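# Need the 3D shape of this:
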Amino acid sequence: MITTGQEPSRWTRLTSGYVRWEHRKAARFNSWSSGRRWATFVLLPTLVFCCGGTVVGVPVVWAIRETVEASRGAPSPDAAANEYLMALGYDTEDGLLPVLDDDHQDELVAEWRAYRKAMDSTNPPPARLDFGALAVGPLDDGQAAVTADVSATWWDTGGPATSYRSKAFTWRFRAREDDGWQVVSVEAPAWCGGYVRQDACQ
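Numbers count the residues shown, from 1 in each chain. Purely as a prediction, here's the structure:
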């Protein structure tokens, strides 16, 4: 797990603000793709604005600003991959969508959920994923390769406070910059038959 000890970045503050807004006002939109959000929060309000004047304009501008901020990526390729792994390890989609490439978002979300489902099929599921510094390769055609050696940790809740950590496996990400870095693809090691024995998955 990466801890820098620095003050939260502007990206972190923006992401946290957007997540709080979603939880308070629009929790049902959590699973929507960026395309669907753009259609709902940009296209439709723009049409209403053109017909409704400035009274409608203020909420529309706010909705557009929130949606644009939400679709921006991370400040660096490794930050985008870090956000992906943190969300996976702690089983939360908060902050995940902004770091996924808009053109591949549905596919990436489906892959993320399928991997998390495999993790949850283990009895017990892991407590978290652990990883150190992420390595960023040179830029190639506007994209950067990111690698991380990731292990899984389980806590024994039935007796003394003991834990078990799996062997570390290498994850490979590709990220591209488009007003912020977003994950384009993920090469993940197998969970069942990799991190855990095949027969340990239900």
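
# Select the helix or strand of this structure having the lowest average pLDDT value.
Across the helices and strands of the chain, the lowest-confidence element by mean pLDDT, DSSP states H and E is helix 54-70, at a mean of 49.

# and the longest strand for this protein?
In the chain, ranked by residue count with DSSP state E as the criterion, the top strand is strand 143-156.

# in that strand, what counts as buried?
Within strand 143-156, the residues scored as buried using 16 or more other Cβ atoms under 10 Å are 143, 144, 145, 146, 147, 148, 150, 151, 152, 154. All C-beta atoms are positioned from the backbone trio N, CA, C, and that covers glycine.

# domains of this protein?
As recorded under automatic domain parsing, the domains making up the chain are 10-70, 77-89+99-200.

# picking up where we left off before, report the next helix or strand after the longest strand of the chain in sequence order.
Sequence-wise, the next helix or strand downstream of strand 143-156 (DSSP states H and E) is strand 162-165.

# partners of that following strand in the sheet?
strand 143-156 (antiparallel) (DSSP bridges).

# I'd like the C-alpha coordinates of the strand it pairs with written as CSV, please.
C-alpha atoms of strand 143-156 as CSV (Å, rounded to 0.1, in the frame of the first residue of the first chain):
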residue,chain,number,x,y,z
GLN,A,143,0.7,5.7,-23.2
ALA,A,144,2.8,4.5,-20.2
ALA,A,145,3.2,1.0,-18.9
VAL,A,146,2.9,0.6,-15.1
THR,A,147,3.8,-2.5,-13.2
ALA,A,148,3.2,-3.4,-9.5
ASP,A,149,4.1,-6.5,-7.5
VAL,A,150,0.9,-7.2,-5.6
SER,A,151,0.2,-9.7,-2.8
ALA,A,152,-3.0,-10.5,-0.9
THR,A,153,-3.3,-10.6,2.9
TRP,A,154,-5.7,-12.6,5.0
TRP,A,155,-6.4,-12.1,8.7
ASP,A,156,-7.2,-15.0,11.0
